Structures are given as C-alpha cells and as structure tokens.
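Visitor: Make a model of this:
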Amino acid sequence: MSNPVFTRNKVFTERTPGGYPTMPGYHVGGGATQTYPGDAPQVSYAPERPQQFPTPQGQEQYGTTSASRPVTMDDVLIKTVVTFGTLLLFGAGSWALTATNPGLGMSVAFVSMLVALVLGLVNSFKRRPSPALILGYAAFEGVMLGGISSLFAALYDGVVVKAIVATLVTTLVMLVLFKTKVVRNSPTLMRVITVGMFSIFVFYLGNMVVSLINPAWSFYGPNAPTIGGFPLWIVVSLIAIGLAAFSLVTDFDYIVTAVDNGAPQETAWTAAFGLMVTLIWLYIEFLRIFAYFASDNN
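Guide: The predicted structure follows:
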C-alpha cells in the first residue's frame, strides 16, 4: 500500500506470478485449454479471443464494456493536464479573492477544504472513476490552495514560487530516477511508505485533538516540542516530503502497470487523480517548510 487511489484498483497492481504486469488474455492461475483428437488436453497460452479486448473476465473485473479501448500514456497525460488546469483556474480565482478580502477568501478556502476532503474520499473508494467528481475535487482543492497560497504570499515573500519550483523539480527528479531504474517500486518501499504515512496521519490527528483542547498546545505553535533545536513539525514535514517524493515512484509504477495491463481508457482519470493527491501533499509540505524559514529570517 502507498497511494490508496492506486492500491485499491487491481488494474494498477495486478501482476503475473513472475512479477510482471498481466497482459490482455493472460489470467493468473489459469489458461485456455484446447483438446485435439486422440490427444490429451493441451494447454494453450494464446488468448481465447485474441481480437477482442478486454476479455470478458477483464470486463467483469474492471466493470467495463467491450467498447472500451486500452488506456495509453497519452490518455494519462491529457487527463492530468485537464485536472491540474482545473485546479489552477479555480486557484487563481481564490487567490484574487483572498488578496482583496482575506477574511472571505479564507472562509471560502476552509469550506472548500472540507468539500475536497469528502470528494477525495468518495473518489478513492469508487470502483470506477467519475470525471465529474474528479474535476470537482480539483476545483475545490484549487480554491483551498489558492486561498492558502495567497495568504502565505502576503506574509512571506517568495515562498509560493519556491514551493511550486521545489514540487516541480522533485517530481522531475523522481521521474528520471524511475525511468532510469535507479529507484524502483518494491514491497519494501511500499511498506516503508505505508508505515510513514500512517505515522504522519497520527501526528496530524494528534495535533488536531490537542489544538481543540488548548490551541496553545498545537504542534505548530510557538510552544511546539523541538528536536535538536528544530520544532518537531519541521522534522515531520521533512519526512513527509521524502515520503511524498517516493510515493511518486510508486504512482509512476502503478500507472505503467495499468497501461501494460491494457486497463480501460477511463483509468486515466484515476491516474490523474492519484497524481494530484500526491503532488498537492508535496506542495503543502514544501510551503510549510519555506514559510518557517522565511519567518525565522524575519
């Protein structure tokens, strides 16, 4: 487990016993049989319907029809551009609103955060992707990020640009490392990411609880516990950045697996949504780190 958006869908994870992605017509644990006159039954490794894709078994598993064509990297790229374009469009509007009316802008951003959280959970647990819900998630995340980014930009000069550049550079570096096979997805990596993500979730949840009891106890406040002179949350954010970066490797691997599996075209929406979840997390953690050092310098 790493990004639950991908791990809950078999088209991103199903592989052969040898560890390779399944191919159209290949079914783990079985094969087509063909009997010849006078001979014992022989095993045929050819697809039962080589011209029909996906196979009936695959259609039932993925909830698709025979009219679905397999997803391609171009499909994933296009859907990713559309979802991030939606995020940026609504983010720009929220930025402008917060810049002119901070109180209203942040109120709208807070409500949008709650709506995005609900849509994120719905999209994560849906068996089949819904483009409307995914674009809705992107829109509300854009409003939330636009408001927060506008506020941070007003308080700390240059931190938003730094966070955006850091996110893009990290993504590019991890993509290169993945393509050159310097870093590969593995069960060990997924276990490390899973444990790390769960630990950070506990930290976030604990901070929310203590903040509700007494805001002065917040892990992000001036009285936050320290490690080596640094606030504990700084250490947690640095770990979160590392986890998010390596989560990109698992995301890339899941997408390649889906394409190699001949998953339905609609899978591209799930891929775009999963990437967005990881990149938003990475951007927010970078924004926190740069804001801290900017305030420390002031």
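Visitor: how far away is G221 from I239?
Guide: 20 Å (CB to CB, to the nearest Å). For glycine as for every other residue, the C-beta is placed from the backbone atoms N, C-alpha and C.
Visitor: What of Y137?
Guide: Counting by CB to CB, the gap from Y137 to I239 is 26 Å.
Visitor: And these two? Which one has more around it.
Guide: Y137 (28 against 15; other CB atoms under 10 Å).
Visitor: low-scoring pLDDT stretches of the stretch 151-298 of the chain, where are they?
Guide: 296-298 (pLDDT under 70).
Visitor: Now do the helices for it: every range, in order, please.
Guide: In the stretch 151-298 of the chain, the helices defined using DSSP state H, counting those that start in this stretch lie at 159-179, 187-213, 232-260, 267-297.
Visitor: Specify the local secondary structure of R127.
Guide: Assigned with DSSP: H, G, I helix; E, B strand; the rest coil, R127 falls in the coil class.
Visitor: on that earlier part again, in a markdown table, list the helices of the stretch 151-298 of the chain along with distance to L89.
Guide: As requested, these are exported to a markdown table (distance: least, CB to CB, whole Å):
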| stretch | distance to L89 |
| --- | --- |
| helix 159-179 | 16 |
| helix 187-213 | 28 |
| helix 232-260 | 23 |
| helix 267-297 | 14 |
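Visitor: Show me the one of those that comes nearest T72.
Guide: helix 232-260 (6.5 Å; CB to CB).
Visitor: Quick one: residues in contact with stretch 243-255.
Guide: For stretch 243-255, the surrounding residues in contact (CB atoms under 8 Å, 6 or more residues apart in numbering) are 2-3, 6-7, 12-13, 73, 76, 170-171, 173-175, 177-178, 183-185, 189-190, 192-193, 196-197, 200, 271, 274-275, 278-279, 281-282, 285.
Visitor: And A224, how close does it get to R288?
Guide: Relative to R288, A224 is positioned 12 Å away (CB to CB).
Visitor: Show me which of the two is the more surrounded one.
Guide: Higher neighbour count among A224 and R288: R288, with 19 against 15, using other CB under 10 Å.
Visitor: Please name the residues that touch the more buried one.
Guide: Taking CB under 8 Å, 6+ apart, one finds W233, S237 in contact with R288.
Visitor: swap the cut-off to 7 Å and go again
Guide: S237 (CB atoms under 7 Å, 6 or more residues apart in numbering).
Visitor: Let me see the domain layout of this protein.
Guide: Using automatic domain parsing, the domain parsing of the chain gives 31-68, 69-297.
Visitor: what's the most buried one of the ones you listed?
Guide: domain 69-297 (a mean of 18; mean count of other CB atoms under 10 Å).
Visitor: tell me what the helix or strand harbouring L88 is packed against?
Guide: In this structure, L88 sits in helix 73-100 according to DSSP states H and E. Applying 3 or more CB pairs under 7 Å, 6 or more residues apart in numbering; DSSP states H and E, one finds that helix 73-100 contacts helix 102-125, helix 131-155, helix 267-297.
Visitor: For the first one, give the mean pLDDT please.
Guide: Mean per-residue pLDDT for helix 102-125: 96.
Visitor: Using CSV, write out every CA atom in that helix.
Guide: C-alpha atoms of helix 102-125 as CSV (Å, rounded to 0.1, in the frame of the first residue of the first chain):
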residue,chain,number,x,y,z
PRO,A,102,-8.7,37.9,3.2
GLY,A,103,-11.5,37.1,5.6
LEU,A,104,-13.9,36.0,3.0
GLY,A,105,-11.2,34.3,0.9
MET,A,106,-10.0,32.1,3.8
SER,A,107,-13.6,31.3,4.8
VAL,A,108,-14.3,30.0,1.3
ALA,A,109,-10.9,28.2,1.3
PHE,A,110,-11.8,26.4,4.6
VAL,A,111,-15.2,25.3,3.3
SER,A,112,-13.6,24.2,0.0
MET,A,113,-11.1,22.1,2.0
LEU,A,114,-13.9,20.2,3.7
VAL,A,115,-15.7,19.6,0.4
ALA,A,116,-12.4,18.5,-1.2
LEU,A,117,-11.8,16.1,1.6
VAL,A,118,-15.2,14.5,1.1
LEU,A,119,-14.8,14.3,-2.7
GLY,A,120,-11.3,12.9,-2.2
LEU,A,121,-12.7,10.0,-0.1
VAL,A,122,-15.5,9.4,-2.5
ASN,A,123,-13.1,9.2,-5.5
SER,A,124,-10.7,7.0,-3.6
PHE,A,125,-13.4,4.4,-2.8
